[in-house]
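Undergrad: Okay, sequence plus prediction incoming.
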Amino acid sequence: MLWRIVHDQCVPNQQQNDTPAPCSLVVLKQGVDRGHAVLKDIRGATQFLLIPTRRVSGIESPELLEPDAPNYFAAAWEARRFVEERAGRSLPRDGISLAINSSLARSQDELHIHVDCLRVDIRDSLREQAANITDRWAPLTVRLAGQRYLAMRVRGASLDGQDPFQLLAAGVPGARQEMGRYTLVVVGMERPGGEPGFILLAARADAATGHDGWGEILQDHACALAQG
């Protein structure tokens, strides 16, 4: 369904009429094979989806790990402005999250990154743990939504040059061979002193640990942060 909306409606409408409808945004500056669209999800007050304009099935797609692959997470972070427009206010950096579910937990075989608010309890837990998160993947000492995650810190105001897909594949042993079993969540952060960055969270779907690979559960599609 997502593919039909993007491929059959948003892209042609952008090319022919210079409007992205029914999407909110279509970016084709480098061609359809490297472009992306932003679409309001039918669920939630503030949730948007970042979807490639080429056919990409999901986190397991090998083209995401090619050296010159488009950085879809970087584009998804830029799309947070649509979440804020829906929220009717600016949101704290660590109140915004980007999530992709594992191949075992997603609803459609079309790569889509969920862009939305972070749950307040998850934000609070990450604030408490921020000082312990380094630039290498390591297990969080607390559970998030009742489940275990690996975490690492990324510095910088944007994700340009820092692709979370590639950081996961390169930094977690065995992940490159099993990308489809992983969920990946990116959360904005701001360290003491105002240094901007991100926290990357990853978990492997595994019946033995009870993790279902559904990282989207860390998001709040009702966006309680917008009410505070």
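TA: That came through fine.

Undergrad: alpha carbons only for contacts and neighbour counts from here, please
TA: Fine.

Undergrad: quick one: the helices in this structure?
TA: With DSSP state H, the ranges of helices along the chain come out as 2-5, 11-17, 72-78, 80-87, 120-129, 164-171.

Undergrad: TSV for the ones you listed, including mean pLDDT, mean neighbour count and distance to residue 152?
TA: Formatted as TSV, those follow (pLDDT from 0 to 100; neighbours: other Cα atoms under 10 Å; distance: least, Cα to Cα, whole Å):
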stretch	mean pLDDT	mean neighbour count	distance to residue 152
helix 2-5	94	15	31
helix 11-17	98	16	35
helix 72-78	98	21	15
helix 80-87	97	18	21
helix 120-129	96	16	11
helix 164-171	98	18	9
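
Undergrad: Let me have the ones you listed in TSV, extended by distance to residue 139.
TA: Output for the helices of the chain, formatted as TSV (distance: least, Cα to Cα, whole Å):
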stretch	distance to residue 139
helix 2-5	34
helix 11-17	41
helix 72-78	22
helix 80-87	27
helix 120-129	11
helix 164-171	13
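
Undergrad: Can you say which of those is nearest to residue 31?
TA: The closest of the helices of the chain to residue 31 is helix 11-17. By Cα to Cα, the value is 10.7 Å.

Undergrad: Would you mind giving me the confidence score for the closest residue to residue 214 other than its chain neighbours?
TA: If you skip the residues right next to it in sequence, residue 214 has residue 101 as its closest partner in space, 5.0 Å away by Cα to Cα, 6 or more residues apart in numbering. Note for residue 101: predicted pLDDT of 96.

Undergrad: Now for residue 101, how many residues are close by?
TA: Look at residue 101: counted by other Cα atoms under 10 Å, it has 29 neighbours.
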